[in-house]
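S.K.: Okay, predicted coordinates and the sequence, questions at the end:
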Amino acid sequence: MIAKVIIDIANTNVDRLYSYCIPDGMPISPGQRVLVPFGRGNKPTEGFVILLTEDADVGIELKSVIRPLENYTVLLDEQLALASWISRAYRCTKADALRIMIPAKLRGARVKEKTVRTIRLDPNADVDAFMTTLCKKDGTPKAPKQVEVLDLVKNCGLELTRADINSIIPGAASALNALVKKSILIETDRETYRDPFLGRKIKRTAPFELLDDQRAALDKINSAPSGSVLLLHGVTGSGKTEVYMQAISSALSIGGGAIVLVPEISLTPQTTDRFRGRFGDTVAVLHSHLSDGERFDEWRRIRFSRARVVVGARSAVFAPIEGLKLIIIDEEHEPSYQSEITPKYSAVEVAKRRAAITGARLLLGSATPSLTSYYRAKRKQYTLLEMPNRINGVPMPRVDVVDMRTEFLAGNNSIFSKALSDAVTSCVERGEQAILFLNRRGYSSHAECRACGFVFTCRNCDVALTYHKYDNTLRCHYCGEVLPMPRLCPECGSEFIKYMGIGTQQVEEQLKGILPNVKTLRMDTDTTSGKNAHRDLLDAFTRGEADVLIGTQMVAKGLDIPNVTLVGVVFADSTLFHSDYRSSERTFQLLTQVAGRAGRAEKEGRVIIQTNAPEHRAIALCTKHDYIGFYNIEIGDRMHTLFPPFSFFVRSMFVSRSESAASKSAERFAETVSERLLAALSPIGAEKELLLIMNGAAPIKRRDGEYRYAVIIKLLRSVHSSMALDIIFSAADEIDSECYRGTEVNPQDML
Ligand code: ADP
Ligand code: ZN
Ligand code: ZN
């Protein structure tokens, strides 16, 4: 037998199958990892067995597999198929695609099974006969401790550790040693699993009687064709999670397994406890805060079917669960499902593929689906499930908008409008809690007039222009338009036209100016870097240890605290004019999400949004909780400007300490690609599908002392799209430039 092996080296030069003989009697199957001699020096190297074959390549003397690395297959057949698709779809090496399927530390054997030494009787020993040798003729023990220990082990019937025995029989150590030496007791290593829940027990919950909308959704999920995609659009608090859990129950009841993806940031104990409360120990959790050992053990619990429900962040989409029947992606619109490191996969796309391979169903859920997903559902590519009402008639919170321009003109220069400062004060006085949310993202900033709210936008693209400090210009990332930054507002003549970023610290300081004794907690990337910092902060806030939680994006997700009755959005516009075509969409999603944190229980909730653009659709329609209204306007706009889902962007990056090297490489690549695309598209009359190709400085032109240039290509989505992509990527493969840093389709941000 011959094993075809991918060597675990992520280099395109070795990115192919190598043949190795399997020595007689060595048990090897596809999906196993092996050690093989590789390269000129026959260096022992790790590899993945992809398939077995009988046919030898003629005339070539093959090397042999040295040994299997594990005595089980680490990859299921479906994962091999998935990896092969990933390397094609995301243009990465097969080794890269295979690596993401296994715990990183498995490679190089940097993580081990955890074992405990346990004591048990030798099953072949005649214990009674041995016992008599321990006693004198008259039956009194010669070695009383040994008799005591032996009695305990014999009658207990369990495997005990040395510590167990010592705690029952103090000072048993030497007796134990003697018995082990005489081989009446044997000491062995038994594998255990590390427990990421630290033994915390969770109260089991029973399923709710479903409401009509939930029942209808569940029925459609359970009767959907295998491999199909469903989109569950349900407002915050409409009972989506309950539907997820009952759909998982259905999958489990037919012997299947399920994967639930949630955004990393909302993978809080609150979330995982809900699933553990319903399904107990069959739930495994995968997220980035696990130790290597814990991750390895959770992965093995899944691999050996001890866990049948996986709750995890993005990469849990690769969990080695056999008999997968259901994949759920909660908050499917979240940008964090897109990987930012190689391979730059989208967990939603991978899940779709995995569903197609295994016949599982894919359920996407959100209160604010991504425009693209909702568009596909409308076009019947996905099955659309709607849950428009909150459970038990809990009303949606009241959302008020404060126009900060008016505040500014009335002489209020602070971060807090009068309305917000009054609302926080009375909320705290009532003994209730508030969340202050700061919408802040990236470094890019738009230019805006504080007096009249005027925003500089691109004439061609209808997105905000980005202020570039280094040359004091306003630029568009999509078409390259450049304007000098004016000194005065063209609308009202005011000179207050630079956007100023606000930090959580500033908000905290100004809040203390209003309420000197207020207890606050800050949650941002500074305060949540530690292992459990995020959880600890949330726990503290949930326990009522602070009146006000101030935070960035992190506070928006998944929080369900009954005592929170006020949510203040300090400044809504910083993502709104975040010069990205998705900025309206993201703002609408984010504001809806934060608003959903208020008044989830009996007490009525209130939301205050501070903005300079109250009339903007992302804000105006958020106050009405009108996703569909927002979708209709936004999708019309996208169609009009030919932005995704009607088109797609491809971006290649060129980075160098030498500005001219980076810019020349980008320029050369743009020329090559443009020629080749036109040569392919023109003969079939499709040259207009190349909507735009430009090269120039990236919005963040210099980072870490290096210059960054980008080639951006915008293409109409059509039957020719995959051909166009092939052309672009094969041109990228041929790039002979040290500056080249990769090519991405629809990158999550254009910075
Ligand atoms: P979502 O995930 O859509 O935000 P949840 O699933 O968290 O909504 O549901 C909101 C609240 O309603 C939760 O406290 C949940 O336990 C409760 N709930 C869900 N379904 C039902 C039901 N059928 N009957 C009663 N309460 C329910
Ligand atoms: Zn103005
Ligand atoms: Zn433009």
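M.R.: Structure's in. What do you need? Ligands and ions are numbered 1, 2, ... in the order given.
S.K.: Flag every buried residue along stretch 404-411.
M.R.: M404, R405, E407, F408 (16 or more other Cβ atoms under 10 Å). Quick note: C-beta positions are derived from backbone N, CA and C, even for glycine.
S.K.: Residue ranges in the stretch 551-700 of the chain under the pLDDT threshold?
M.R.: By pLDDT under 70, the low-scoring segments of the stretch 551-700 of the chain are 556-559, 574-579, 599-602.
S.K.: burial measure for the residue in it positioned nearest to ligand 2, as a count.
M.R.: Using Cβ to the ion, the closest approach of the stretch 551-700 of the chain to ligand 2 is made by N612 at 9.9 Å. The local packing of N612 (other Cβ atoms under 10 Å) involves 26 other residues.
S.K.: That one - nearest residue in space that isn't next to it in sequence?
M.R.: Using Cβ to Cβ, 6 or more residues apart in numbering and skipping residues adjacent in sequence, the residue nearest N612 is G453, 3.8 Å away.
S.K.: What is the burial count for the one you found?
M.R.: So G453, with other Cβ under 10 Å, has 22 neighbours.
S.K.: what's near enough to touch the closest residue to H477 other than its chain neighbours?
M.R.: Excluding its sequence neighbours, the residue lying closest to H477 (Cβ to Cβ, 6+ apart) is M750, at 4.6 Å. Residues near M750 by Cβ atoms under 8 Å, 6 or more residues apart in numbering: H477, Y478, S579, D580, F649, R651, A698, P699, A710, I712.
S.K.: contacting residues around the second one?
M.R.: Residues near Y478 by Cβ under 8 Å, 6+ apart: C458, N460, C461, V463, Y581, L692, I712, K714, M750.
S.K.: residue in the stretch 251-400 of the chain nearest to ligand 2?
M.R.: For the stretch 251-400 of the chain, Cβ to the ion, closest residue to ligand 2: D400, 24.0 Å.
S.K.: For that residue, pull up the helix or strand it's in.
M.R.: Secondary structure from DSSP states H and E places D400 in strand 398-403.
S.K.: Rounded mean pLDDT for the helix or strand following that strand, please.
M.R.: Where DSSP H and E defines the elements, the next helix or strand beyond strand 398-403 is helix 404-409. Taken as a whole, helix 404-409 carries a mean pLDDT of 87.
S.K.: Tell me if I am right that the residue nearest to N612 is in a strand.
M.R.: No: assigned with DSSP: H, G, I helix; E, B strand; the rest coil, G453 falls outside any strand and is coil.
S.K.: Does it touch I619 like I think?
M.R.: No: between G453 and I619 there is no contact under Cβ atoms under 8 Å: 11.7 Å.
S.K.: Could you tell me which residues touch both of those two?
M.R.: Counting by Cβ under 8 Å, 6+ apart, the residues touching both G453 and I619 are A613.
S.K.: Please enumerate the helices of the stretch 501-650 of the chain.
M.R.: 504-514, 533-542, 573-576, 583-595, 617-623, 627-641 (DSSP state H, counting those that start in this stretch).
S.K.: tell me which parts of this structure are close to ligand 2?
M.R.: Taking Cβ under 5 Å from the ion as the measure of proximity, the chain contacts ligand 2 at C449, A451, C452, F454, C489, E491, C492, S494.
S.K.: Let's see that with 8 Å instead.
M.R.: 449-454, 489-494, 496-497 (Cβ under 8 Å from the ion).
S.K.: Make sure L230 is indeed in a helix.
M.R.: No: checked against three-state DSSP, L230 lies outside a helix; its state is strand.
S.K.: need the contact list for it.
M.R.: K220, I221, A224, R361, L362, L363, L364, Y382, T383, L384, L385 are the contacts of L230 under Cβ under 8 Å, 6+ apart.
S.K.: That one bridge partners, please.
M.R.: L230 has these beta-bridge partners by DSSP bridges: L363, T383.
S.K.: so where do the helices sit in the stretch 651-751 of the chain?
M.R.: 659-681, 721-734.
S.K.: Please name the spatially closest residue to the residue most central in space within the chain (chain neighbours excluded).
M.R.: In the chain, the centroid-proximal residue (Cα atoms, centre = their mean) is R314; its distance is 3.2 Å. The shortest distance from R314 to any non-neighbouring residue, by Cβ to Cβ, 6+ apart, is to A347 (4.6 Å).
S.K.: Would you check that the one you found makes contact with L261?
M.R.: Yes: in this structure A347 lies within contact range of L261 using Cβ under 8 Å: 6.0 Å.
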